[in-house]
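# Prediction below, plus the sequence it came from.
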Amino acid sequence: MHMYCILIEEDHKPSIEHQMRLNPNMKKAVKKEIPKLLKACIIYPITDSKEVSSIHVIPKKKGMTVVKNVQNELIPTRTVMGWRM
């Protein structure tokens, strides 16, 4: 395992990033993925730290589908096939 050190100035204050809320679909994907990452030792739990990283979840898009909009026009859109952390 590699350890990294980030050098910062003495008077520098860390920025605070508030935790983001996830929609229910994203939350399911995160709850499913976290145990896998823990088991693979990619992440590890920390209980005594004030600094945390927000989880960023983005949709996995695959293929195109055509849907109708309000004006009854056909619009090509990408279909979401899952979520990636």
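Received, thanks.
# Every contact and neighbour count from this point should use C-alpha atoms.
Noted.
# ok but Met81 is inside a strand, no?
Yes: assigned with DSSP: H, G, I helix; E, B strand; the rest coil, Met81 falls within a strand.
# Show the pLDDT at it.
pLDDT for Met81: 76.
# now swap in Glu17 and tell me
Glu17 is assigned a predicted lDDT (pLDDT) of 69.
# same question, the one 5 residues further on
At Leu22, the predicted lDDT confidence score is 82.
# if I look at it, how far off is Lys31?
Distance of Leu22 to Lys31, computed by CA to CA, to the nearest Å: 11 Å.
# ok, the two, which is more surrounded?
Higher neighbour count among Leu22 and Lys31: Leu22, with 13 against 10, using other CA atoms under 10 Å.
# how about the more buried one, secondary structure?
Recorded secondary structure, Leu22: coil (three-state DSSP).
# Equivalent analysis for Lys27, please.
Classified using three-state DSSP, Lys27 is helix.
# Next, count neighbours for it.
When neighbours are defined as other CA under 10 Å, Lys27 has 14 of them.
# for the one 3 residues further on, same thing?
The local packing of Val30 (other CA under 10 Å) involves 18 other residues.
# mind listing what's buried in stretch 16-33?
Judged by neighbour count (16 or more other CA atoms under 10 Å), stretch 16-33 contains these buried residues: Met26, Val30.
# Any chance you could give me that stretch in PDB, C-alpha atoms only?
This file holds the C-alpha atoms of stretch 16-33, laid out as PDB (Å, rounded to 0.1, in the frame of the first residue of the first chain):
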ATOM      1  CA  ILE A  16     -15.100  21.800   3.800                       C
ATOM      2  CA  GLU A  17     -17.200  19.900   1.300                       C
ATOM      3  CA  HIS A  18     -20.600  19.000   2.600                       C
ATOM      4  CA  GLN A  19     -21.900  15.500   2.000                       C
ATOM      5  CA  MET A  20     -24.300  15.300  -0.900                       C
ATOM      6  CA  ARG A  21     -27.600  13.500  -0.800                       C
ATOM      7  CA  LEU A  22     -28.100  10.700  -3.300                       C
ATOM      8  CA  ASN A  23     -31.300   9.800  -5.100                       C
ATOM      9  CA  PRO A  24     -32.700   6.300  -4.200                       C
ATOM     10  CA  ASN A  25     -31.300   4.600  -7.400                       C
ATOM     11  CA  MET A  26     -27.800   5.900  -6.700                       C
ATOM     12  CA  LYS A  27     -28.000   5.000  -3.000                       C
ATOM     13  CA  LYS A  28     -28.800   1.400  -3.900                       C
ATOM     14  CA  ALA A  29     -25.800   1.300  -6.300                       C
ATOM     15  CA  VAL A  30     -23.500   2.700  -3.600                       C
ATOM     16  CA  LYS A  31     -24.700   0.300  -0.900                       C
ATOM     17  CA  LYS A  32     -24.000  -2.600  -3.300                       C
ATOM     18  CA  GLU A  33     -20.600  -1.300  -4.300                       C
END
